[in-house]
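Colleague: Compute the structure for the input listed below.
(chains A and B)
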Number of protein chains: 2
Amino acid sequence: MSKIVLKSVMFQGKIRDILISGKRFAKVERPLNAKDLDKAEIIDCSGLAILPPFYNGHCHAAMTLLRGFADDMPLQEWLQNHIWPFEGKMTPKDIEIGSRLAVLEMIKSGTVFFADMYWHREQTMKVVKEMGIRATIGVTFAQGLMSDEAIENNFKFIRDHRFESERVALAVMPHSPYMVGEALFKRCAKVAREEEMILHTHLAETKKEVADCKKQYGCTPVELMDRYTVLGGNFVAAHCVHMNDEDMTLMADSSSAAILNPCSNLKLSSGIPKIPKMLESGMLVGIGTDGASSNNNLDMHEEMKLTSLLTKVSSGAEKLPAEEVLKMATSNVAIAYGVPAGVIAEGFLADALLVDLKNERLNPCHNLVSNWVYSADSSSIHSVICNGKFVMKNRHVDGEEDIVREAETCAKSIASRC
Amino acid sequence: MSKIVLKSVMFQGKIRDILISGKRFAKVERPLNAKDLDKAEIIDCSGLAILPPFYNGHCHAAMTLLRGFADDMPLQEWLQNHIWPFEGKMTPKDIEIGSRLAVLEMIKSGTVFFADMYWHREQTMKVVKEMGIRATIGVTFAQGLMSDEAIENNFKFIRDHRFESERVALAVMPHSPYMVGEALFKRCAKVAREEEMILHTHLAETKKEVADCKKQYGCTPVELMDRYTVLGGNFVAAHCVHMNDEDMTLMADSSSAAILNPCSNLKLSSGIPKIPKMLESGMLVGIGTDGASSNNNLDMHEEMKLTSLLTKVSSGAEKLPAEEVLKMATSNVAIAYGVPAGVIAEGFLADALLVDLKNERLNPCHNLVSNWVYSADSSSIHSVICNGKFVMKNRHVDGEEDIVREAETCAKSIASRC
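Modeller: Predicted coordinates for the structure are as follows:
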């Protein structure tokens, strides 16, 4: 088993040597001995601090190809006249190219995991395996957009590919209660339970969605999920902007998780989630970026700071301390998706960031976590480790120039045909 | 006069050669000839785009020393038990060191100008002159904190140093209507008008300030400014979170300018400014970062995106297009402070950013301004030009490691004595 020693790294205010054995942290707070060092690759981490990396709880990775393609317009015009026509031209190869740009961007901004809901999941899975990070990739269901045969193929794909890779998990992802009817939603939930998979959906994103749901079903989207009996420890809902107190209680009591996407929700004018109330309810709350067409980046750092600011302005400057919001962008998402990672501790999967303590935005260093949450940006991220391996070293990711160039060519070609 | 040619740089979607002659843009959209090139320093800018840099409309630069010193607590506890005791220990030398860290951070995140309200302005002026950027530095007035002699010395300083440097302007900065009484505020305004200087103050930052003002004076803070007859083309107010419609009309009709500090206002739970209404009123609106103790960085890019998001969520996804919010962070601030800069055009002061078009967050490039506003962070900034000179080249600022180290030592020393 490969061994790496991160020598003289700053960990929670103290200089430590950290042993990574294979894909896990083996020793974090105990001194290393000769046996630990034997045949280990020793990496000098003087001047660097180790921090947990980001886990992106909701994404549509390949939509990086649509970054900046359409902005600053009402939702329906944006979707019908720009986003959907562009997406209609995207081939499996385009999805691969867009996903690769997304994974590059995520690595460079400190993210080692994302949950993805999109089409042609095989392409995104391939990219994640190649580039060394983790993902929970959705098998996406959307009625109206899919034939019955395509739906059956989805279920077959789930059975065939369930345990394919240690870094890539599959999840069942019915798009939303308004795109997937009762029977199919319940079947998705049943399969997810049987296969012990995550069930992920968009939920309560807009006021219109809630109003339409009440009109059609006489209940809120969360109550509808409860009626479908899909809530539970494997249920992860994205957005959750418009939940009332009862919705939050249902989510919390069932151990369901919510993923906030504040940047997207603000940019598309969907609303501001009631973050303080969600946290008070006891619900597991994580953070995600949504896709690059409505953000327009995949920077979890921005989402984390925005989550903190939106909480403080509505509830008080003392609410949601830096340590708490950092958990929402790291371990809370890992917990929601069942990944034993997101903390730097023995036995956990060895995912980590090494940040440059000389970066101007991390100085002075009265409090590293505060500086990281409220001040830093990606320029302080020196290296990124996932599953015990470096995926970025000294700000360089293998092949990055080619990835960017290929995405640019691909996106322009699609745009020219729209 | 020195000449620089930015060769093959992307400007508004086209590859151009741009001539900087001395401190101004000499040719931007016209082809260069042999005479233009004669004795010019030719800089290959292939793969780079030129954009206007940021102008930070409200800052307390030296407060970088307090970055992360105290967070996540109610305003009064934060101020009285942490911020004020720390500030009470700061010497002129500390102000210099903190200002230097601030200017470094601003340059690295693309800012070439800031308006500063703090103490020991000589130190901050010295740093700005040395490091090559611009500033409007306040002569700060705050009754209760200053002796009558100190107030008189302030007025003497204004007369003596009015025209000291081409990159550094002085401004008259009464702290706020609650820290400066009627007679002194009017005297400040009179001196500012006579000397043709900017008058800058904190205004309508918190609900409490507005309520107290109504109780004491029977009017809003903006109405009080009108009553003092200080509104006008040289009046720039920071924060402006709690303004009513009449306040906005008074500001707009008098050609007064407002500087938003959304990050600080959210973090300190002061509130969300009514940005759409402010813009509709016709008021000149710019953006600033406030100090690092309440932000906790000086990144105008973050403020710009946050301003956009807060506008869209309250008023619609189509509001405040990328081009408009970029103006609020660039030329609007330059106009407010009377600096003929903030646009890349002939005759304007040669301030500019060169951004790396290969940066993953600027790709694909359907729309560079959209990518810059909604997606980029400081990692895409390759070089920074101010007044016709490079202040950062290829992400390097002269002396940056020493600046960071000195600030860390200085801040820790002060903290240990608090």
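Colleague: does A:Thr229 count as helix, strand or coil?
Modeller: When classified by DSSP: H, G, I helix; E, B strand; the rest coil, A:Thr229 comes out as coil.
Colleague: what's the neighbour count on A:Gly68?
Modeller: 24 (other C-beta atoms under 10 Å in any protein chain shown). C-beta here means a position set from N, CA and C on the backbone, and glycine is covered the same way.
Colleague: what does the stretch 101-250 of chain A put close to chain B?
Modeller: Residues of the stretch 101-250 of chain A lying near chain B by C-beta under 8 Å from any C-beta of the partner chain: A:101, A:104-105, A:108-109.
Colleague: Go through these and name the one nearest A:Cys418.
Modeller: Set against A:Cys418, the nearest of these by C-beta to C-beta is A:Leu101 (18.6 Å).
Colleague: Quick check: phi and psi at the closest one.
Modeller: The phi/psi pair for A:Leu101 (degrees, to the nearest 10) reads phi -60, psi -40.
Colleague: So what does the closest residue to A:Gly316 other than its chain neighbours look like in phi/psi?
Modeller: Nearest non-adjacent residue to A:Gly316, counting by C-beta to C-beta, 6 or more residues apart in numbering or on different chains: B:Ser269, 5.2 Å away. Dihedral pair for B:Ser269: phi 60, psi 30, per degrees, to the nearest 10.
Colleague: just checking, B:Ser269 touches A:Leu310?
Modeller: No. The criterion here is C-beta atoms under 8 Å, and B:Ser269 misses it with A:Leu310 at 10.8 Å.
Colleague: So between these two, which is more surrounded?
Modeller: Per other C-beta under 10 Å, whichever of B:Ser269 and A:Leu310 has more neighbours is A:Leu310, with 25 against 19.
Colleague: Which of the three states applies to that one?
Modeller: Three-state call for A:Leu310 (three-state DSSP): helix.
Colleague: Remind me which helix or strand A:Ala192 belongs to.
Modeller: In the assignment (DSSP states H and E), A:Ala192 maps to helix A:182-194.
Colleague: heading toward the C-terminus, what's the first helix or strand past that helix?
Modeller: strand A:198-203.
Colleague: Next, the angle from the next helix or strand after that next one to helix A:182-194.
Modeller: Next along the chain after strand A:198-203, taking DSSP H and E as the criterion, comes helix A:207-217. Between helix A:207-217 and helix A:182-194, the angle comes out at 110 degrees (axes from the mean of the first three to the mean of the last three C-alpha atoms, to 10 degrees).
Colleague: And helix A:207-217, what's buried?
Modeller: Burial within helix A:207-217, assessed by neighbour count using 16 or more other C-beta atoms under 10 Å in any protein chain shown, is assigned to A:209-210, A:213.
Colleague: I'd like these laid out as CSV, including pLDDT and distance to B:Ser331.
Modeller: Listed next are those as CSV, based on pLDDT from 0 to 100; distance: C-beta to C-beta, whole Å:
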residue, pLDDT, distance to B:Ser331
A:Glu209, 97, 39
A:Val210, 98, 41
A:Cys213, 98, 45
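Colleague: how far away is A:Tyr118 from A:Gly98?
Modeller: A:Tyr118 sits 9 Å away from A:Gly98, going by C-beta to C-beta, to the nearest Å.
Colleague: Kindly report the same for A:Glu209.
Modeller: For A:Glu209, the distance to A:Gly98 equals 26 Å [C-beta to C-beta].
Colleague: Sketch out the low-pLDDT regions of chain A for me.
Modeller: Of all residues in chain A, none has pLDDT under 70.
Colleague: Show me the residue sitting in the middle of it in space.
Modeller: By C-alpha atoms, centre = their mean, chain A has its centre lying nearest to A:Asn56, at 1.6 Å.
Colleague: Not counting sequence-adjacent ones, nearest residue to that residue?
Modeller: A:Asn56 sits nearest to A:Phe114 (C-beta to C-beta, 6+ apart), 3.9 Å away.
Colleague: sec struct for that neighbour, please.
Modeller: Recorded secondary structure, A:Phe114: strand (three-state DSSP).
Colleague: mind listing the strands for the stretch 151-300 of chain A?
Modeller: Along the stretch 151-300 of chain A, counting by DSSP state E, counting those that start in this stretch, strands occupy A:168-174, A:198-203, A:235-239, A:257-260, A:284-287.
Colleague: Present those strands as a markdown table; the columns should include mean neighbour count.
Modeller: Shown next, in a markdown table, are the strands of the stretch 151-300 of chain A (neighbours: other C-beta atoms under 10 Å in any protein chain shown):
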| stretch | mean neighbour count |
| --- | --- |
| strand A:168-174 | 25 |
| strand A:198-203 | 26 |
| strand A:235-239 | 27 |
| strand A:257-260 | 29 |
| strand A:284-287 | 26 |
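Colleague: can those go into TSV with extra columns for distance to B:Cys365?
Modeller: Below are these laid out as TSV (distance: least, C-beta to C-beta, whole Å):
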stretch	distance to B:Cys365
strand A:168-174	30
strand A:198-203	29
strand A:235-239	28
strand A:257-260	29
strand A:284-287	27
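Colleague: To A:Lys14, which of these lies closest?
Modeller: Judging the strands of the stretch 151-300 of chain A by C-beta to C-beta, what sits closest to A:Lys14 is strand A:284-287, at 28.1 Å.
Colleague: Tell me if that closest one is near chain B.
Modeller: No. Strand A:284-287 does not reach chain B (C-beta under 8 Å from any C-beta); its nearest approach is 15.0 Å.
Colleague: Distance from the chain centre to that strand, please.
Modeller: 10 Å (C-alpha atoms, centre = their mean, to the nearest Å).
Colleague: Does that strand pack against any helices or strands, and if so which?
Modeller: For strand A:284-287, the packing partners by 3 or more C-beta pairs under 8 Å, 6 or more residues apart in numbering or on different chains; DSSP states H and E come out as strand A:54-59, strand A:257-260, helix A:275-280, helix A:300-315, helix A:322-329, helix A:331-336.
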